[in-house]
Every structure is written in C-alpha cells, then in structure tokens.
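Asks: sharing a model prediction with you, sequence too.
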Amino acid sequence: MTDDIATEPAAAPAGDAAPQIRVLAQYVRDLSFENPDAPNTLRGGLAAPNIDLSIDVQARKAAEDAYEVDLYIKAEAKRDGKVVFIGELKYGGLFQFVNIPAESIEPLLLIECPRMLFPFSRRIMADVSRDGGFPPLFIDPIDFASLYAQQRGKAAAGDAKTPAPAADGDGA
C-alpha cells in the first residue's frame, strides 16, 4: 500500500452532517490475459493448474476533493512448471469523502475503497479467464483490513525511513 496519500479531509466537517464516501467513477485501467500455449493448455483431462494470486492496493490524491484508488490483481496459473495463463487487472475508482476526519482517510482509501472495488474486479477476472477457455477464476473474498494491519505492522517494525510496502497477498 502506498504512503503518498494526503491526509487532509476532503471537506470540512459541518456540524451534524453525516460522513459520506461517494464513488465518482469506476473503470478498468489495464487488463491483460495471456494463454501462451493455447490450444495445448485447453485439452480435456489435464490436471488443474496451481494458481498464484497477488493483490496490490494503491491510492493517491487525484484532485482537491477526490482520491484515486487502484486495485491490482494478478493471477498466474502453472501446470508442471509451465505457464498455463496469466491474468492481470488494474481496476480503479475515484472517490470523494465528505465530513471524514483526516485520521480516517488512509484506512478508508486502503480498506473500504478496495472493498467496494473488489466485487467488480472479481467478476472481470472470472469473465476473462472463462473467455480465455478456462473455468472462471473465482477469487475468494479478501480481508483488506487484515492486509492493511499487516502492512502497518511491518512498517512500524521496519526502518522509519522506509515507506510501507505494497499489500501483496494470495487473496485465497
């Protein structure tokens, strides 16, 4: 998870106004699917491939009152040491926060925003793997709060000069 996040609130709290997260846009920033040994990888009777899944969340300020969050998912399937397929997706969202305290911005960007983006990116990865000739790749739900806590713990234990690393996990 990146640390280049500005932590000023998007709007000053106004009395009793309720905090809000607004999704201004969602979009596919980048999508790739490779099936390097097709049609050999699509023959029936082959063993199921081993799938290595990695997740990364990045956030940055996009405008005075908006933040951009990218959820990057990479799935690499191998059988007998040979690549069967590689699917990569960078799915983005543009978010606006209203009446959110400054100390809550980073956890919202790196936990709640990717949680909102995940169902859409999960469906895209399932569709692209199915369209590539394989069974749909259904990614198990991801606990973004645990990933965030792990990364914060690593950052606190590491060198204070080193920014927190990207959140990588197997997602399964």
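Replies: Everything's here; your move.
Asks: check which helix or strand the residue nearest in space to the middle of the chain maps to.
Replies: For the chain, the residue sitting closest to the mean C-alpha position, by CA atoms, centre = their mean, is Leu71 at 2.4 Å. With secondary structure defined by DSSP states H and E, Leu71 is part of strand 66-79.
Asks: return the alpha-carbon coordinates of that strand using CSV.
Replies: Output for strand 66-79, consisting of C-alpha atoms alone and laid out as CSV, is shown next (Å, rounded to 0.1, in the frame of the first residue of the first chain):
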residue,chain,number,x,y,z
ALA,A,66,-11.1,13.3,-4.8
TYR,A,67,-8.9,10.3,-4.3
GLU,A,68,-8.0,7.6,-6.8
VAL,A,69,-7.7,4.0,-5.7
ASP,A,70,-6.3,1.2,-7.9
LEU,A,71,-6.8,-2.5,-7.1
TYR,A,72,-4.3,-4.6,-8.9
ILE,A,73,-4.9,-8.3,-9.2
LYS,A,74,-2.5,-10.8,-10.9
ALA,A,75,-3.3,-14.5,-11.3
GLU,A,76,-0.6,-16.8,-12.8
ALA,A,77,-1.6,-20.4,-13.4
LYS,A,78,1.1,-23.1,-13.9
ARG,A,79,0.9,-26.8,-14.6
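Asks: longest strand in this structure, please.
Replies: When every strand of the chain is counted residue by residue (DSSP state E), the longest turns out to be strand 82-98.
Asks: that older thread, the strand holding Leu71 to strand 82-98, inter-axis angle?
Replies: Here strand 66-79 runs at 160 degrees with respect to strand 82-98, directions being taken by axes from the mean of the first three to the mean of the last three CA atoms, to 10 degrees.
Asks: in strand 66-79, what's buried?
Replies: By neighbour count on 16 or more other CB atoms under 10 Å, the buried set for strand 66-79 is Tyr67, Glu68, Val69, Asp70, Leu71, Tyr72, Ile73, Lys74, Ala75, Glu76, Ala77. In this view, the C-beta of every residue, glycine as well, is placed from N, C-alpha and C.
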